[in-house]
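1. Pasting a predicted model and its sequence here:
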Amino acid sequence: GNSVTQMEGPVTLSEEAFLTINCTYTATGYPSLFWYVQYPGEGLQLLLKATKADDKGSNKGFEATYRKETTSFHLEKGSVQVSDSAVYFCALLHGNKLVFGAGTILRVKS
Amino acid sequence: SQTIHQWPATLVQPVGSPLSLECTVEGTSNPNLYWYRQAAGRGLQLLFYSVGIGQISSEVPQNLSASRPQDRQFILSSKKLLLSDSGFYLCAWSLNRGLKTGELFFGEGSRLTVL
């Protein structure tokens, strides 16, 4: 079936450190891929997306590239801030539904 | 602009009691509506989705049910809660032309604790 696997957290970084959160997927065909973010006390919101192989999604300094060879969509940011502390969810689109990974907690210390 | 509201934000219920969580969307017509559950230490699990009034698709067999009595209202219910029903419930909507953009708009969530 269709599924998403994310690296387990929490991930704890110092401010200005480089961030990578791994995401791999299992799916038939080439689904659209997404990263959602959930800030403390809030619902989820779309961070970025990529709809086909080799596409790069980017937003707020975050980037992720759709790699069909490795079935991956890793999230990266060159310099994290305390305000980036949140839970990050990788997801794929299957028909009329989004299938989410388990989420990765990111904690950024000043 | 579109907004989504769900309530109550926090709920503590005894085992065996009923449940009703409500979600309403404003500023759009005929949205797709979704209920997700986020259990502690686990990811988001799709429970129900609806593409129109009275149309409910269930993803996971359980003692929960959903109803859509109006175009922009989505209700999650249970007749008798179990301990395992504890979690964070999120309502979401998307445009009705399918989820082509992949964008779901989420409510603030309802935290349910069953004791």
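-> Sure thing, it's come through.

2. give me the element residue A:47 is part of.
-> In this assignment (DSSP states H and E), residue A:47 forms part of strand A:44-50.

3. Just name the shakiest helix or strand of chain A by mean pLDDT.
-> strand A:97-100 (a mean of 87; mean pLDDT, DSSP states H and E).

4. give me the number of residues near the closest residue to residue B:80 other than its chain neighbours?
-> Once flanking residues are discounted, residue B:80 sits nearest to residue B:16: 5.0 Å by Cβ to Cβ, 6 or more residues apart in numbering or on different chains. (Each C-beta comes from the backbone N, C-alpha and C, glycine too.) Per other Cβ atoms under 10 Å in any protein chain shown, the neighbour tally for residue B:16 reads 11.

5. So residue B:16: helix, strand or coil?
-> Following DSSP: H, G, I helix; E, B strand; the rest coil, residue B:16 is assigned to coil.

6. didn't it look like it was pressed against residue B:83?
-> No - here residue B:16 lies out of contact with residue B:83, judged by Cβ atoms under 8 Å, at a distance of 10.2 Å.

7. I'd like to know how far the residue nearest the centre of chain B sits from residue B:52.
-> In chain B, the centroid-proximal residue (Cα atoms, centre = their mean) is residue B:35; its distance is 2.8 Å. From residue B:35 across to residue B:52, the span is 15 Å (Cβ to Cβ, to the nearest Å).

8. now residue A:81
-> 42 Å.

9. likewise residue B:88?
-> 27 Å.

10. neighbouring strands for the helix or strand where residue A:34 lies, and are they parallel or not?
-> In the assignment (DSSP H and E), residue A:34 maps to strand A:33-38. Note on strand A:33-38: by DSSP bridges, its sheet partners are strand A:44-50 (antiparallel), strand A:86-94 (antiparallel).

11. Enumerate every residue touching residue B:93.
-> Residue B:93 is in contact with B:2, B:4, B:25, B:28, B:31-34, B:104-105, counting by Cβ atoms under 8 Å, 6 or more residues apart in numbering or on different chains.

12. Chain A next: which of the residues you listed are close?
-> When Cβ under 8 Å from any Cβ of the partner chain is applied, the members of the contacts of residue B:93 adjacent to chain A are B:32, B:34, B:104-105.

13. Just the closest of those residues to chain A, please.
-> residue B:104 (6.0 Å; Cβ to the nearest Cβ).
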